[in-house]
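Peer 1: Next input, structure requested:
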Amino acid sequence: MKKLSILPLLAVLALFATLSSFKAGAPQTEDEETRNVAPFRKIGLAYPANVILRQGNTQSLRIEGNKEQMSQLDLKVESGRLIINKKRRVQGK
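Peer 2: Below is the predicted model:
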């Protein structure tokens, strides 16, 4: 029987159970979003967040946090590695 690779490692990310907050202030409501990503075998995290990995039959990425935090995420897959970063600001904006 053929072993499944770590693809279902992906059903991964009931991800970011909580994203750390960047600003102090009034409590913000939590939102949830599902994003499609290419298959990956590794995870690189360069963002203050918690990652929860759940293995299953399907690949998906679920993100939880406030809208501002989620809009700051840059997610990409390079060479089989899911890279989670903060989006870079464009100068002049």
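
Peer 1: Tell me the buried residues in stretch 46-54?
Peer 2: Neighbour-count burial for stretch 46-54 flags 47, 49 (criterion: 16 or more other CB atoms under 10 Å). Any C-beta I mention is one placed from the backbone N, CA and C, and that applies to glycine too.

Peer 1: need the strands for this protein, in chain order.
Peer 2: 31-35, 42-46, 61-65, 73-78, 81-86 (DSSP state E).

Peer 1: Reformat these as CSV; add distance to Arg54 and mean pLDDT.
Peer 2: Compiled in CSV, the strands of the chain are given as follows (distance: least, CB to CB, whole Å; pLDDT from 0 to 100):
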stretch, distance to Arg54, mean pLDDT
strand 31-35, 13, 89
strand 42-46, 13, 91
strand 61-65, 9, 89
strand 73-78, 17, 91
strand 81-86, 14, 92
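
Peer 1: For Glu64, see how far away Asn36 is.
Peer 2: According to CB to CB, to the nearest Å, Asn36 and Glu64 sit 17 Å apart.

Peer 1: and those two? which has more neighbours close in?
Peer 2: Remark: of Asn36 and Glu64, Glu64 carries more neighbours, 20 against 8, as counted by other CB atoms under 10 Å.

Peer 1: hang on, isn't the more buried one packed against Arg35?
Peer 2: No - using CB atoms under 8 Å, Glu64 is not in contact with Arg35; the gap is 11.9 Å.

Peer 1: one step back: how about CSV for the strands of the chain, with distance to Gln55 added?
Peer 2: As requested, the strands of the chain are exported to CSV (distance: least, CB to CB, whole Å):
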stretch, distance to Gln55
strand 31-35, 17
strand 42-46, 13
strand 61-65, 14
strand 73-78, 18
strand 81-86, 14
